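Q: Sequence first, predicted model second:
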Amino acid sequence: MKQDITQRKLRAGIAGGGQGSFIGAVHRIASELDGQAEVVAGAMSADPQRAAASAKAWFLKRSYASFEEMAEVEASLPDGIDFVMVTTPNHLHYPVARAFLEQGIHVVCDKPMTFNLEEARELVTLVEQKKLIFALTHNYTGYPAVRQARYLVQQGAIGTIRKVLVEYVQDWLMEAQERSGNKQAEWRTDPARSGMAGSIGDIGTHAENLLAYISGLNITALCADLTSFVAGRRLDDDANILLRLENGGKGVLSCSQIAAGEENALSIRIYGTKAGLEWHQMEPNTLIFKQPGQPRQLLRANMPYMSDDSKAAARLPAGHPEGYLEAFANIYKLAIADMRRVETGEPAQGGYPSVYDGLRGMRFISRAVESSQQGAVWVEF
């Protein structure tokens, strides 16, 4: 029998994230940052030798040759894991999450949630049946300034939203990196592992999630133009999408992985009937509040005037840089708190992206691809 979950660190396992992975190490750091969890087990690669070497490098207590074995064995151990981190390529997200949910183990999954829309619907049903915590790491929602933006929208400070401009642009796939041994590029541009979309699934889904999180609005229809600029590339590396929002507002979403000179430039601008908001991920501690005819206000993370929700997402006094890893860790902090609650019979409180956000994200990807394939026509959600 496992020790009371309220009296110890939670034990985490990781599927994927082995040598050559970027996101695996991010999940480990984020999950352990607040001292609430420790990664103790892993099935870190489909290659048994790489899996063992990766687990050894992380000083994990237990290493497995497959995620199926890990789910079954860990569920039977008195010191087995409480949750698993899914950091595999997209085509494995659903089978990995399903294997652990069926064993009564909570899940934190990287985005996009599944390989296709059908799997996303099935995962929603499974999570509801098992009554377990499922968190999706759309980590940009963890930034204090993003939480302040959402608060201002909810309080009516910008009025009724009329227009949203959101973009996520990079340049790392300007050349055919997938044909030069770059492991990350190989699977992200492979339809068998990435799914139906390239840049839309990899970074466009972050832009959609940020729009929905801050504005509180759903997309009702879209018109998408997806392009593969690099010769021979099978999935999109650039996308431009017109959006209709449920309140009658309009939006433009752009994502690109061939934008020369760009790093990870995720930005959002929201315009309402009273004021506007602007946030840039590469300057994450600043939220710009804009009123007509007035000087722009720079709202800074963890200042006294910020909302309680925003301040709760900050760890350091104002002016000390916090960024990507801390925002990522906020997803884990909230999800782990809910794991403790549900294991002791209390209701979950949320506050982090869930399986329903994942379903909406997969619907967005599916509809964007559908629209583009039909000649950039309007499609309903």
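A: Thanks, I have the structure now.

Q: CA atoms for contacts and neighbours, from now on please.
A: Noted.

Q: Isn't residue 201 up against residue 364?
A: No. Residue 201 lies out of contact with residue 364 (C-alpha atoms under 8 Å); the separation is 9.2 Å.

Q: give the contact list for residue 312.
A: residue 144 (C-alpha atoms under 8 Å, 6 or more residues apart in numbering).

Q: Let me know the distance separating it from residue 145.
A: To residue 145, residue 312 is 11 Å away according to C-alpha to C-alpha, to the nearest Å.

Q: One more: residue 365?
A: On the measure of C-alpha to C-alpha, residue 365 and residue 145 end up 26 Å apart.

Q: Looking at these two now, which is surrounded by more residues?
A: Per other C-alpha atoms under 10 Å, whichever of residue 365 and residue 145 has more neighbours is residue 145, with 31 against 25.

Q: Secondary structure class of that one, three-state.
A: With DSSP: H, G, I helix; E, B strand; the rest coil as the basis, residue 145 sits in helix.

Q: ok, now how distant is it from residue 152?
A: Taking C-alpha to C-alpha, one finds residue 145 at 11 Å from residue 152.

Q: repeat for residue 186
A: On the measure of C-alpha to C-alpha, residue 186 and residue 152 end up 41 Å apart.

Q: and those two? which has more neighbours close in?
A: residue 152 (19 against 16).

Q: My understanding was that that one contacts residue 158; is that so?
A: Yes. Here residue 152 reaches residue 158: they are 7.0 Å apart, a contact under C-alpha under 8 Å.

Q: chain center to stretch 344-358, what's the gap?
A: 14 Å (C-alpha atoms, centre = their mean, to the nearest Å).

Q: ok, and what's touching it?
A: Identification of contacts with stretch 344-358 by C-alpha under 8 Å, 6+ apart yields 111-114, 120, 123-124, 127, 134-138, 141-142, 209, 331, 334-335, 338-339, 341-342.

Q: now with 6 Å?
A: 113, 124, 134-136, 331, 338 (C-alpha atoms under 6 Å, 6 or more residues apart in numbering).

Q: One more: stretch 185-197?
A: With C-alpha under 6 Å, 6+ apart, stretch 185-197 has contacts from 90-91, 115, 177-178, 198, 235.

Q: of those, buried ones?
A: The neighbour count (16 or more other C-alpha atoms under 10 Å) marks 90-91, 115, 178, 198, 235 as buried among these.

Q: Now do residue 37, the pLDDT please.
A: At residue 37, the model reports a pLDDT of 98.

Q: confidence score at the residue nearest to the spatial centre of the chain?
A: By C-alpha atoms, centre = their mean, the chain has its centre lying nearest to residue 138, at 2.1 Å. Here, the pLDDT recorded for residue 138 equals 98.

Q: and what of residue 6?
A: At residue 6 the predicted local distance difference test score is 84.

Q: now the one 5 residues further on
A: Residue 11 carries a pLDDT value of 98.

Q: my guess is it meets residue 38, correct?
A: Yes. Counting by C-alpha atoms under 6 Å, residue 11 does reach residue 38; the two are 5.3 Å apart.

Q: Mind telling me what element the residue sitting furthest away from the middle of the chain is part of?
A: Ranking residues of the chain by C-alpha distance from their mean position (C-alpha atoms, centre = their mean) puts residue 293 at the top, at 36.5 Å. For residue 293, there is no host helix or strand (DSSP states H and E).

Q: OK, contacts around it?
A: Listed by C-alpha under 6 Å, 6+ apart, residue 293 has no contact partners.

Q: gap between it and residue 13?
A: Taken as C-alpha to C-alpha, the span from residue 293 to residue 13 is 53 Å.

Q: so how far is residue 358 from residue 295?
A: Here residue 295 is placed at a distance of 38 Å from residue 358 (C-alpha to C-alpha).

Q: Who has more neighbours out of these two?
A: Using other C-alpha under 10 Å as the criterion, residue 295 and residue 358 rank with residue 358 on top: 29 against 9.

Q: residue boundaries of the helices in the stretch 201-350 of the chain?
A: Along the stretch 201-350 of the chain, the stretches classed as helices by DSSP state H, counting those that start in this stretch are 205-215, 308-312, 324-343.

Q: low-scoring stretches of the stretch 1-150 of the chain, by residue?
A: Counting by pLDDT under 70, the stretch 1-150 of the chain shows low-confidence ranges at 1-3.

Q: can you give me the helices for it?
A: Going by DSSP H, counting those that start in this stretch, the stretch 1-150 of the chain shows helices at 23-32, 48-57, 67-76, 93-101, 117-130, 144-154.

Q: for the ones you listed, which one ends up most surrounded?
A: For the helices of the stretch 1-150 of the chain, the largest average neighbour count (mean count of other C-alpha atoms under 10 Å) is found in helix 144-154, namely a mean of 24.

Q: for the helix or strand that it is followed by, packing partners?
A: Past helix 144-154, further along toward the C-terminus, the next helix or strand under DSSP H and E is strand 161-169. With contacts taken as 3 or more C-alpha pairs under 6 Å, 6 or more residues apart in numbering; DSSP states H and E, strand 161-169 sits against strand 250-256, strand 265-272.
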